[in-house]
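Student: let's see this in three dimensions:
(2 chains)
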Amino acid sequence: MMLELFGISMTVVLYWAAKKLYQHKPKVYFSPLILSPLLIVGFLLWTGIPYETYNVSASWLTDLLQPATIAFAIPLYKSFATLKKHASEIIASVLCGSVVAIATSALLAQLFDLNLRMVDSLIPRSVTTPIAMNISEMVGGIPAVTAVFVIITGIFGSQVGPAIIRLLRIENEVARGVMLGTNAHGAGTSKAFEFSAITGTVSSLSMILAAFITLGVAPWFLPVLMMP
Amino acid sequence: MLVLIKSLIQIGFLLVFSCLMNQLASWLPIHIPGSILGIIVLFFLLQTKIIRLEWVDLGAKWLLAELLLLFVPSAVGIMQYKEILQHDGLRLILVVVISTVVTMACTGVLAQRMGKRKERKLS
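Tutor: Alright, predicted model coming up:
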């Protein structure tokens, strides 16, 4: 029992510590989504405990990911009026973003000579995990590998997003939200709520829209991109 | 303390709700993931006041605030794919990095331009 609970306890404690540290010193490498996994991987490798043992109880946290995704309905409901006002630019930019994400992933992966299953697994990497795994299966990728790309995209996107916002001087709250939600799903949305409530809500909506659009577009768009 | 208990009950409610949605999604003839269906159904139930905001608000707030915690075990899971990462790692990371930066720039700039044009029209 003790051994089973160590996974979840360790994750919660290290996450909490990393969060406190990050609040104190907001450096990229102190971000809870980077520091805590690194420490845990280090610990598991050092002690030789297999991932499966760690994940017995840690997977309870992963199980909460789906109710958490559904919970995005609440900020959507609360700020429905604001969202309606900005509907056209949100829909247009998420559509453009999703298509560019699919196209650049597929073309770059081909350019770098990655094998076909890897290309297919890369395609849905910018949308939220449960849906990305679904799409991956539909287009012929490996869902578990897609989940890895999704998490890497989320970590990278939520860290590089604020830099791009500064660099390109994206001052519009709605535009910031669209950017983070379309490209870095839940992790990006979490970052978006650090900017403002509106940015966060727009990001939630963009994340959902991007999942829808990718689900609809990827299966037929991909064969077009992959033509020799 | 009361807030904590309330939050836990509400998270439990959302968990049950998400299981129901998975079940519902598997019965539907169209291919739609349970989580997306869940967002739509919950939104609709809130709009029609069948589910009241107070019933889910605290739990949802907690889940969304600690969302990153829920990603940690999956991030640790990357260690299982050492071979793939050793073999194709650099190229895969490059695809993710370049594609993310390009797409973010496109979406951000487009949304900002459309927003500005709308403001000008309104004023």
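
Student: separation between B:Phe44 and chain A?
Tutor: According to C-beta to the nearest C-beta, to the nearest Å, B:Phe44 and chain A sit 9 Å apart. In this view, the C-beta of every residue, glycine as well, is placed from N, C-alpha and C.

Student: now do the helix or strand where that residue lies, average pLDDT.
Tutor: Element membership for B:Phe44 (DSSP states H and E) is helix B:34-47. Mean per-residue pLDDT for helix B:34-47: 91.

Student: for the helix or strand following it, which positions count as buried?
Tutor: Sequence-wise, the next helix or strand downstream of helix B:34-47 (DSSP H and E) is helix B:53-65. For helix B:53-65, the neighbour count (16 or more other C-beta atoms under 10 Å in any protein chain shown) marks B:Trp55, B:Val56, B:Asp57, B:Leu58, B:Gly59, B:Ala60, B:Trp62, B:Leu63, B:Leu64 as buried.

Student: and stretch A:153-166, by the same measure?
Tutor: Applying 16+ other C-beta under 10 Å to stretch A:153-166 flags A:Thr153, A:Gly154, A:Ile155, A:Phe156, A:Gly157, A:Ser158, A:Gln159, A:Val160, A:Gly161, A:Pro162, A:Ile164, A:Ile165 as buried.

Student: closest one of these to A:Pro219?
Tutor: Distance to A:Pro219, by C-beta to C-beta, is smallest for A:Thr153 among these, at 19.9 Å.

Student: restrict the helix holding B:Phe44 to CA atoms and write it as PDB.
Tutor: Listed next in PDB are the C-alpha coordinates belonging to helix B:34-47 (Å, rounded to 0.1, in the frame of the first residue of the first chain):
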ATOM      1  CA  GLY B  34     -16.100  11.900 -24.400                       C
ATOM      2  CA  SER B  35     -14.200  15.000 -23.200                       C
ATOM      3  CA  ILE B  36     -15.500  17.200 -26.100                       C
ATOM      4  CA  LEU B  37     -19.000  15.800 -25.700                       C
ATOM      5  CA  GLY B  38     -18.700  16.500 -22.000                       C
ATOM      6  CA  ILE B  39     -17.800  20.200 -22.500                       C
ATOM      7  CA  ILE B  40     -20.700  20.700 -24.900                       C
ATOM      8  CA  VAL B  41     -23.300  18.900 -22.700                       C
ATOM      9  CA  LEU B  42     -22.100  20.600 -19.500                       C
ATOM     10  CA  PHE B  43     -22.200  24.000 -21.200                       C
ATOM     11  CA  PHE B  44     -25.700  23.300 -22.400                       C
ATOM     12  CA  LEU B  45     -26.900  22.100 -19.000                       C
ATOM     13  CA  LEU B  46     -25.400  25.300 -17.400                       C
ATOM     14  CA  GLN B  47     -27.100  27.500 -20.000                       C
END
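
Student: so which elements touch it?
Tutor: helix A:65-71, helix A:73-78, helix A:129-139, helix A:197-225, helix B:2-27, helix B:53-65 (3 or more C-beta pairs under 8 Å, 6 or more residues apart in numbering or on different chains; DSSP states H and E).

Student: secondary structure element holding the residue nearest to A:Ala184 when sequence neighbours are not counted?
Tutor: The shortest distance from A:Ala184 to any non-neighbouring residue, by C-beta to C-beta, 6 or more residues apart in numbering or on different chains, is to A:Gly157 (2.8 Å). Counting by DSSP H and E, the element that carries A:Gly157 is helix A:143-167.

Student: what angle do that helix and helix A:197-225 make?
Tutor: Using axes from the mean of the first three to the mean of the last three C-alpha atoms, to 10 degrees, the direction of helix A:143-167 lies 120 degrees away from that of helix A:197-225.

Student: give me the mean pLDDT for the helix or strand just after helix A:143-167.
Tutor: Where DSSP H and E defines the elements, the next helix or strand beyond helix A:143-167 is helix A:173-195. Here helix A:173-195 scores 92 as its mean pLDDT.
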